[in-house]
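Undergrad: Sequence and computational prediction follow.
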Amino acid sequence: MREFVSCEPVEKGWSGDRKYRVTDAEGRAFLLRVMPPEKAAGRPELTRFEKEAAALGVPISEPVDREERPDGVYILYRWVNGVDAEEAVPELREAEQYALGLDAGRYARLIHSIPAPENLEDWAAHFGRKMDRKIEGYNACPVKVEGGENFLRYIEQNRGLLAGRPQTFQHGDYHIGNMMLEDGHLVVIDFDKYDFGDPWEEFNRIVWSAQAAPAFARGTLDGYFPDGVPEEFWRLLALYISSNTLSTIPWAVAYSEEEKDTALRQAADVLDWYDNMERIVPRWYSDGYTVQTVDGARFRMKERFDFSFLAKYGRVFRVFDDQDSGNICFGVERDGERFFVKFAGAATYRYDGTAADAIERLKRAVPLYKALRQDSLTEFISAEDIGGGCAAVFRWAEGEGIGLMYPSPHRRFNELSVSERTAAFESALEFLRSTAERGYLAVDFYDGSLIYDFDTRRLTVCDIDFFRPLPARNDMGRMWGSSRFMSPEEYTLGAELDEVTNVYTAGATAFALLADGDRSPEAWPLGLRTYAVAARAVSEARGERQQSLAELTKEWNAAKLYENGGKDE
């Protein structure tokens, strides 16, 4: 193992391993984990499984080196230059939490694609004994959960669900507390408790995620089950959570008074989520919405709504229900043509306002699509009062959303060549410049407003509902929008909002599309001249930014020309 010039203890975690942040002579940082010999003996293939997960596409802290010594096994990992997801994710917008949860679910599915050894004991027999031990430990514990008999009842009534369950590799402790955010992306850490068993048992610790960020927990299951969560999973999850919750009590009582209180609060939360184990879908997943189906397309609503009027526009082939604006959107097809229908007036599951407000906002947005009509904006066709609300109809824009809430196309976009991503940014910049030229302010413009056609390399702006005519002032405090794209004045009540505000928006868009949101020079894929232009645009002080989008465009083109050796691409 290489030599290090610095070594700082890392105190976080429950593994019992010694951990250090070490740096080598070249200034590179690593995580050094020292596993006690007795623990390492039970984890002989840890690094092999970690590497296998990484090869499948799971972002992890990759093992770099391993060495066995008398005092333990020393494993060197890539240092994750990020923040704990358990602390950072709850601070994000619910849509961003959900998008990260989708990633967590997808990564869990990849982890569970790693096969288990063939000679494992039957799962029902193995886990049945494990549950018996947990129940015995709980019964012997002097501290009891109020309502704990409901866990015991559910376990005894549902043991038969264990029969015939498959077994795979498991992370062993998969929840938000064992994840980090690095440059806005999820990284899975701490595989040291890896095991083999029913892949669905892996989610027995999702209670930690649900307590910290319910939208993240929902996303995790939706990401794992892209075609819908099966009922059998819910029944088994309740069984696994019941067993795990009971076993946590004696462990916590022996550990500390603080952990005992935490475990009892968590058990109370679980009983509340499950109505004392009388329901199989926890409240954090299902409360406040119901599932509807139109033409075979499933979507979530706070209340059921009559969407029969959609037949006028065609057959529904896709639904976009994860909006916090009060709108629900449908992809429809009629006579070989596709359209996008945006409807306000129904109780959508992520909207907390009134239907009347949503309808009014959509009606106010219609003139915006007419006034700002251009090739890069989704084509508005018509709007009408229908179905007890308002529907706006657009030409269907081919492509995929590339915002963080769409993990797969987001990653695919970031894998495009620099020149292709630069062209996409310049299309967005031209749209913002044209918007300002026509006397409008772009509000709530972010990568979630962009559709990219990977076949034609065409960028389309699809959502301008909150744009405003200039001049404008901040009348909300925190304006509509993603924090990754919002200027300081968009948080300040009464502040002037103008073209300089959208200079910041454009600069943030440059970093989002070209460097995946990382505003450091190291992450910038072009030269220092274009970096300086983009960095100036996102200056906190308005006076330090370019004072118009035309000025920003001029500086950008000059810098790019210089970086290309004085020649256009």
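TA: Perfect, I can see it now.
Undergrad: Longest helix in this protein, please.
TA: In the chain, with assignment by DSSP state H, the single longest helix is helix 231-255.
Undergrad: tell me which strands and helices that helix is in contact with?
TA: helix 123-140, helix 149-158, helix 206-212, helix 257-273 (3 or more C-beta pairs under 8 Å, 6 or more residues apart in numbering; DSSP states H and E). For glycine as for every other residue, the C-beta is placed from the backbone atoms N, C-alpha and C.
Undergrad: Now do the helices in the stretch 301-450 of the chain.
TA: Listed from the start of the chain, the stretch 301-450 of the chain has helices (DSSP state H, counting those that start in this stretch) covering 355-371, 407-414, 418-437.
Undergrad: ok so, going back, just want the angle from the longest helix of the chain to helix 149-158.
TA: In this structure, helix 231-255 runs at an angle of 140 degrees to helix 149-158, with axes from the mean of the first three to the mean of the last three C-alpha atoms, to 10 degrees as the basis.
Undergrad: returning to what we had before: can I get the helices of the stretch 301-450 of the chain in JSON lines with mean pLDDT?
TA: Shown next, in JSON lines, are these (pLDDT from 0 to 100):
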{"stretch": "helix 355-371", "mean pLDDT": "96"}
{"stretch": "helix 407-414", "mean pLDDT": "87"}
{"stretch": "helix 418-437", "mean pLDDT": "98"}
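Undergrad: Any idea which of those gets closest to Ser539?
TA: helix 418-437 (16.8 Å; C-beta to C-beta).
Undergrad: now what about that closest one, what contacts it?
TA: Where contact means C-beta atoms under 8 Å, 6 or more residues apart in numbering, the residues beyond helix 418-437 that reach it are 372, 374, 376-377, 413-414, 416, 441-442, 445, 450, 452, 457-459, 461, 467, 470, 499, 502, 505-506, 509-510, 513-514, 525-526, 548-550, 552-553, 556, 560, 569.
Undergrad: ok now that helix, how far from the chain's centre?
TA: Relative to the centre of its chain, helix 418-437 is centred 26 Å away, using C-alpha atoms, centre = their mean, to the nearest Å.
Undergrad: ditto for stretch 30-39
TA: Going by C-alpha atoms, centre = their mean, where stretch 30-39 is centred and where its chain is centred differ by 31 Å.
Undergrad: Val281 contacts Arg235, doesn't it?
TA: No. Contact status for Val281 versus Arg235: not in contact, 9.8 Å apart, counting by C-beta atoms under 8 Å.
Undergrad: Out of the contacts of helix 418-437, which sit inside strands?
TA: If you go by DSSP state E, those have Leu441, Leu450, Tyr452, Arg458, Leu459, Val461 in strands.
Undergrad: Report the two of these separated the most.
TA: When C-beta to C-beta is used, the two most widely separated members of the ones in strands among the contacts of helix 418-437 are Leu441 and Arg458, lying 25.1 Å apart.
Undergrad: Comparing these two, which shows the higher neighbour count?
TA: Leu441 (22 against 17; other C-beta atoms under 10 Å).
Undergrad: quick one on the thing from earlier: the longest helix of the chain versus helix 257-273: what angle between them?
TA: Interaxial angle of helix 231-255 relative to helix 257-273 (the same axes, to 10 degrees): 160 degrees.
Undergrad: Can you list the buried residues in helix 231-255?
TA: For helix 231-255, the buried set under the neighbour-count rule, 16 or more other C-beta atoms under 10 Å, comprises 233-234, 236-250, 252-253.
Undergrad: How far does that helix sit from its chain's centre?
TA: Helix 231-255 has its average C-alpha position 26 Å from the chain's average C-alpha position, going by C-alpha atoms, centre = their mean.
Undergrad: avg pLDDT for that helix?
TA: The average of the pLDDT scores along helix 231-255 is 95.
Undergrad: Same check on stretch 46-63?
TA: Here the average pLDDT along stretch 46-63 is 94.
Undergrad: Tell me how far the residue sitting nearest the centre point of the chain lies from Leu450.
TA: Centroid-nearest residue in the chain: Leu100, 1.6 Å away (criterion: C-alpha atoms, centre = their mean). Separation of Leu100 from Leu450 (C-beta to C-beta, to the nearest Å): 19 Å.
Undergrad: and if you look at Glu67?
TA: Using C-beta to C-beta, we find Glu67 at a distance of 47 Å from Leu450.
Undergrad: So those two - more neighbours on which side?
TA: Neighbours around Glu67 and Leu450, counted as other C-beta under 10 Å, are more numerous at Leu450. The numbers are 26 against 10.
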